[in-house]
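Novice: sequence unknown, structure follows:
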């Protein structure tokens, strides 16, 4: 099933506008949807998708143009973003499967995480209180359908995991634990900025724009990480890296444009991901984090 939905960036409304079976989303279908929305009086400023099929080509093009000019919108820019939860899962998958080779040639892989899970799950665990109590073997194996769980990815690549790695230095190489702690901390901070639900919270979980200096620093750190690291023996950037980089630049430019044109100084970034489609397919709130 192919479904497209539209929602307000600021207004509390959302509605399905396209549904078809055995039909891939194509640039032509997307352009037709945007055209009809403009004809109905709605201004489209952003589009979000996962990393399937033609979406990769669209994001590749957008990476070069950074602000896709649609002719039928009178040269108004539409910013493309990849679904942040989907990117988080892909980041987790590549970390566990291949590890990351950082810009200085050092390696960040799953070994410290494996040691940490053994430490906190052991009956002889000397730590009465641990900051990563949620971690289990399930977070490391990620087999079959569990690999589709956003919740497992978010818990593994969380602030509490980064703190635990720094505090307990699990494994035989303390430097490796510290290095992975920094990488996970960078990823977690990026996801906090890209998944804000309320106007004011902690600086990174508040709406994007309310703590702009701190939020942009986290985005810039993530951009640098994604643009300079490599996955295992791969020599080129992977799709998820490019998607995250494009999304970061799109979000920053979208905020500037919305402020200049509409005097809007913040964005609740969860409205720029595919959660609403997930709710459409999984109305049970207990299942929303499975994909």
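Specialist: Good, I have the coordinates. Please read these numbers as outputs of a predicted model, since none were measured by experiment. Numbering: from 1, shown residues only.
Novice: residue boundaries of the strands in this protein?
Specialist: Assigned by DSSP state E, the chain shows strands spanning 2-7, 14-20, 46-49, 68-69, 77-82, 100-101, 107-108, 230-231.
Novice: Please identify the pairing partners of the third one and their relative orientation?
Specialist: Translated: strand 46-49. Looking at strand 46-49 with DSSP bridges, its partner strands are strand 77-82 (parallel).
Novice: Give me the below-cutoff pLDDT ranges for the protein.
Specialist: The model of the chain has pLDDT under 70 over residues 52-75, 123-133, 281-291.
Novice: which residues sit in contact with residue 214?
Specialist: By CB atoms under 8 Å, 6 or more residues apart in numbering, the contact list for residue 214 reads 203, 204. From N, CA and C alone the C-beta is placed, and that goes for glycine too.
Novice: Likewise for residue 226?
Specialist: Taking CB under 8 Å, 6+ apart as the test, what residue 226 contacts is 237, 241, 242, 244, 245.
Novice: about what we covered before: export the strands of the chain as TSV, with columns for distance to residue 118 and mean neighbour count.
Specialist: Compiled in TSV, the strands of the chain are given as follows (distance: least, CB to CB, whole Å; neighbours: other CB atoms under 10 Å):
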stretch	distance to residue 118	mean neighbour count
strand 2-7	42	15
strand 14-20	44	13
strand 46-49	38	21
strand 68-69	47	14
strand 77-82	34	23
strand 100-101	22	20
strand 107-108	19	18
strand 230-231	25	18
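Novice: any chance of those in a markdown table, plus distance to residue 141?
Specialist: Shown next, in a markdown table, are the strands of the chain (distance: least, CB to CB, whole Å):
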| stretch | distance to residue 141 |
| --- | --- |
| strand 2-7 | 31 |
| strand 14-20 | 35 |
| strand 46-49 | 29 |
| strand 68-69 | 39 |
| strand 77-82 | 26 |
| strand 100-101 | 20 |
| strand 107-108 | 19 |
| strand 230-231 | 19 |
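Novice: which residues in the stretch 151-291 of the chain form helices?
Specialist: 159-168, 174-193, 212-228, 239-262, 275-281 (DSSP state H, counting those that start in this stretch).
Novice: For residue 219, which of the strands of the chain is the nearest?
Specialist: Ranking the strands of the chain by proximity to residue 219 (CB to CB) places strand 77-82 first, at 12.4 Å.
Novice: what angle sits between that closest one and helix 239-262?
Specialist: Interaxial angle of strand 77-82 relative to helix 239-262 (axes from the mean of the first three to the mean of the last three CA atoms, to 10 degrees): 150 degrees.
Novice: What are the boundaries of the helices in the stretch 1-150 of the chain?
Specialist: Here the stretch 1-150 of the chain has its helices, by DSSP H, counting those that start in this stretch, at 27-39, 54-65, 84-97, 111-121, 137-141, 150-156.
Novice: Could you point out which of the ones you listed sits nearest residue 253?
Specialist: helix 54-65 (10.8 Å).
Novice: ok, how many other residues are close to the closest residue to residue 210 other than its chain neighbours?
Specialist: Leaving aside its chain neighbours, residue 210 sits nearest to residue 266 (5.2 Å; criterion: CB to CB, 6 or more residues apart in numbering). Applying other CB atoms under 10 Å, we find 19 other residues in the vicinity of residue 266.
Novice: ok, back up a step: just the closest of the contacts of residue 226 to residue 11, please.
Specialist: Checking those against residue 11 with CB to CB, the nearest one is residue 244 at 27.4 Å.
Novice: any idea which residue sits dead centre in the protein?
Specialist: residue 84 (2.3 Å; CA atoms, centre = their mean).
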